[in-house]
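[1] need the 3D shape of this:
(chains A and B)
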Amino acid sequence: MTGQVVRPYGDTTGDGQVQVSFTLPVPFRTAAERARAEGAALQLAAKMGLEPAMVVHAKGIGPEFTFCIVYGRVRHLVDLSGVIVAEREFPMLSSPEINRRIRAALGRELVVVGACIGTDAHTVGIDAILNVKGHAGEKGLEYYREMRVVNLGAQVDVAGLVARSRAEGADAVLVSQVVTQRDAHLANTREMAAAFRAAGPQRPLLVVGGPRFDPWAAAALGVDRIFGKGTGPAEVASYLVHALAREPGASAATPDRVPPERDQRAQEAPRE
Amino acid sequence: MEPASAVTGRLGLDPAVVRRARELASRAGQPIVELARTHTTVSVERAVLRLAGLDGADGDGMPWVNRLTDAVRDSAGLEHGVALPAWDALLTGGYPHLAALARDAAAGKVKFRIPDGADALAARAAAAGAVRHGIATIDARRAERDALISETSDPPRPWIYLIVATGDIYEDIPQAQAAASQGADIIAVIRSTGQSLLDYVPEGATREGYAGTYATRENFRLMRAALDQTSRELGRYVRLTNYASGLCMPEIAALAGLERLDMMLNDCMYGIIFRDINPRRTFIDQRFSRQIHARAGIIINTGEDNYLTTADAVDAAHTVIVSQLLNEYFGREAGLSDGQLGLGHAFEINPGVPDSFLLELAHAQLVRELFPDAPLKYMPPTKHMTGNVFAGYLLDAFFNLCGLMTGQSILLVGMMTEGIHTPFLSDRDLALENVRYVRAAAGRLGDSFWPAPGGLIGRRAREVLGEAVELLGRIGDEGLLAAIAEGTFGITRRPPDGGRGLDGVIRQADGYYNPATEMLDATSPNAAAAADASTAEPTTGELR
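    Reported below is the predicted structural model:
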């Protein structure tokens, strides 16, 4: 029965039943206030396309708020032919899978060198990606058994970064740039990319991150990948494995260093 | 309600094995205490200046305590401590106060020296007088807490612990007050991501942070004042928690004591394992900070729950016990009473593991029996919260049940939206409804919880204790620093000479002088513990 057009399924095909919960900044103490709060919830439900809707639960939270659970029928139709799937150029992998891929492909630890370059002293980004503690419940790269992480910290000069990367045998270099005054983040990134190119053909994978970067400007800045605001360690780890620890038998022997096409950008779901 | 010291003898633990575990923890810890007694750090010295009343920052926001300590280090070294050269310069230079000296020192206008003879005696006396004033303020704050608890009431245990974290202290305050009104006994203000790596304490009220609010003296003061107001309104003392662990542990401990915080995250190894702070730096800072906490009547919270977010909660259960025993040893040595040892653990076993709830009960009851007088802090599931909020709500209910059955003292309230977003108002309300239901329905189930002697729970608890003893033996043989270097905790390797902050570690010279440690060593450990027993810690969970 499922065609190109569907509705949510409660207990009958096409019934359109959904459940939502939300809090309204209205009181819920007197009978009049309760009636008004439930009416407000129904009005919101109707504006959301839930009709008919039923407030199945409402409860005051403190003197000024009401929490509501609403069931209702949506009138919207979902056209499956119009669904566009935004894809990363690499899949998200679990930590055991990441470790396994590195063992299988490299037979040794994957070496990651991280730093904030130039005068940028904001290590919050690089630390969130590298420290075991990680960010928002995701463990940092140090957590991965098969990665060796060298975090050089803040205000590292480019020459020092190149030298240390070579000494450590870095497979990947991660650089974080938060300060954007006079486009310092762009100038620093170009300088770093040029220095690694000048240091020889065997350069590590260059990855840059920061809240003000355009994730699609990697090629223009001479690096392999840029991560923007909201990137977590698991995404970076998955990318590193994608680029550096290919499955045996996977198509290309050389890392795929082509950034995603620009026209995919609009499809990328925003992430906080 | 459960008495604080109770529910033991249910797992058939062999007292000789428990004794052995403590002996081994002490053997592993002693060389570290020796290290801490013979070294100082830049943060310990800055804490001395903070206790002596030096506050504020220069135009770039760098605190004067940093500027003065750095200047002393540059010209006279810190091997003798900051006090002798600083107060010598203060007296001989005719400065009215430390702030004036710090300004000139930062401008390179002061030449510091290590005084001797009568000059040294004068500098010591002046430094001791100034620091004594700070310690007296901490004592007064502690008495103030006791008075406010008498005036309001001490909530029954388990205490309900809720987190706020907006980044803006002026947003945090109404949220914290609302959370307290909704039932929170403890408010924790999460720090800005990475503050533990700053080698200075930011100044003033702050309105921007990364996933948290900066720990500053002014933020401490503002939040404590707001919660005092709320405590009076509710007739229940609402405790305030912040975070000491990190590069500035001693200084943050001093500020917390001066502003009457009630609990502080203070783990002996968290900074090493999870923030790559140098192990020596951490252990030295830790001892001083805990001496201050002991004096201030602050309950420390240790961070063993973190191990279970990296390692598997079944495989690594014994590392939690080992770390708790070490935290207990270091804590007691620094003067903390058992009533101040908020040892941490967590409900993090994969719910897909068969008998997972029985294993959780075994671990939680084991910790309860090993540390009968400690206000244990029990952390809710995070690792296996999948985004299915309905399943997560169920898991949180099992966490609450386990916590109540095993007499945990502090319950950090689990959010069904863990890992999705910072909690909505409704998330928090639903979470508290969950706790209230489980408490009302099964709060006294612990009275009847006597696991069968030969059953899975008892066997598992004894097995974990056995593994902990074995690991402690190995740590004692090779040394704690070596064990940390090998990745024993949280599966992360941290060599003794690696990590941040090592350059801030200084070996004490003969004639090293620190007026704060002199006063704190004189009253610890027994005096502080004895004073404590007569004051803050409730011995029963009943409402006063």
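[2] ok, and the closest non-adjacent residue to residue B:312?
    residue B:350 (7.8 Å; CB to CB, 6 or more residues apart in numbering or on different chains). (Glycine included, C-beta is placed from N, CA and C.)
[3] where does that neighbour fall, phi/psi-wise?
    Main-chain torsions, residue B:350, degrees, to the nearest 10: phi -60, psi 120.
[4] spit out the contact partners of it.
    B:312, B:313, B:314, B:356, B:383, B:384 (CB atoms under 8 Å, 6 or more residues apart in numbering or on different chains).
[5] show me what counts as buried in the helix or strand that residue B:469 is a member of.
    Assessed by DSSP states H and E, residue B:469 sits inside helix B:456-478. For helix B:456-478, burial by neighbour count (16 or more other CB atoms under 10 Å in any protein chain shown) applies to B:457-462, B:464-465, B:467-469, B:471-476.
[6] next: stretch B:431-447.
    Residues B:431, B:432, B:434, B:435, B:438, B:439, B:443, B:446 are the ones in stretch B:431-447 that count as buried (16+ other CB under 10 Å).
[7] can you list contacts of that stretch?
    With CB under 8 Å, 6+ apart as the test, stretch B:431-447 has contacts from B:1-2, B:7, B:160, B:182-184, B:393, B:396-397, B:400-401, B:404-407, B:411, B:413-416, B:423.
[8] among the residues you listed, name the ones in helices.
    In this view, those that belong to helices under DSSP state H are B:182, B:393, B:396, B:397, B:400, B:401, B:404, B:405.
[9] find the pair from the residues you listed with maximum spatial separation.
    B:182 and B:405 (24.1 Å; CB to CB).
[10] what sits up against the helix or strand hosting residue B:506?
    Using DSSP H and E, residue B:506 maps to strand B:505-507. With contact meaning CB under 8 Å, 6+ apart, strand B:505-507 is reached by B:38, B:39, B:40, B:41, B:42, B:77, B:78, B:79, B:278, B:280, B:281, B:284.
[11] list the buried residues of the strand or helix carrying the third one.
    Yep, that's residue B:40 we're talking about. Take DSSP H and E as the rule and residue B:40 turns out to sit in strand B:39-41. Using 16+ other CB under 10 Å as the burial criterion, the residues of strand B:39-41 that qualify are B:39, B:40, B:41.
[12] ok, what's across the strand from the first one?
    Listed beta-bridge partners, residue B:39: residue B:507 (assigned using DSSP bridges).
[13] burial of residue B:354, as a residue count?
    6 (other CB atoms under 10 Å in any protein chain shown).
[14] measure it to chain A for me?
    In this view, residue B:354 and chain A are 20 Å apart by CB to the nearest CB, to the nearest Å.
[15] wait, what's in contact with that residue?
    The contact partners of residue B:354, by CB under 8 Å, 6+ apart, come to none.
[16] ok, it to residue B:317 distance?
    16 Å (CB to CB, to the nearest Å).
[17] quick one: is the longest helix along chain A near chain B?
    Taking DSSP H as the criterion, chain A has its longest helix at helix A:31-47. No: judged by CB under 8 Å from any CB of the partner chain, helix A:31-47 stays clear of chain B, getting no closer than 12.7 Å.
[18] mind listing what's buried in that helix?
    For helix A:31-47, by 16+ other CB under 10 Å, it's A:34, A:36, A:37, A:38, A:40, A:41, A:42, A:44, A:45.
[19] between its first and last residues, how far does stretch B:490-502 reach?
    Using CA to CA, to the nearest Å, the end-to-end distance of stretch B:490-502 comes out at 21 Å.
[20] before we move on, what about stretch B:491-505?
    Its first and final residues considered, stretch B:491-505 spans 25 Å by CA to CA.
[21] now find how far off-centre it is within its chain.
    20 Å (CA atoms, centre = their mean, to the nearest Å).
[22] quickly find the element holding residue A:166.
    Going by DSSP H and E, residue A:166 is in helix A:158-168.
[23] ok so, going back, which one's more surrounded, residue B:182 and residue B:405?
    Each of residue B:182 and residue B:405 has its neighbours counted (other CB under 10 Å); residue B:405 has more, 23 against 17.
[24] ok, the more buried one - contacts?
    Applying CB under 8 Å, 6+ apart to residue B:405 gives the contacts B:361, B:364, B:442, B:445, B:446, B:449.
[25] can I get the residues you listed in a markdown table including secondary structure and pLDDT?
    Converted to a markdown table, the contacts of residue B:405 look like this (DSSP: H, G, I helix; E, B strand; the rest coil; pLDDT from 0 to 100):
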| residue | secondary structure | pLDDT |
| --- | --- | --- |
| B:361 | helix | 98 |
| B:364 | helix | 98 |
| B:442 | helix | 96 |
| B:445 | helix | 95 |
| B:446 | helix | 93 |
| B:449 | coil | 94 |
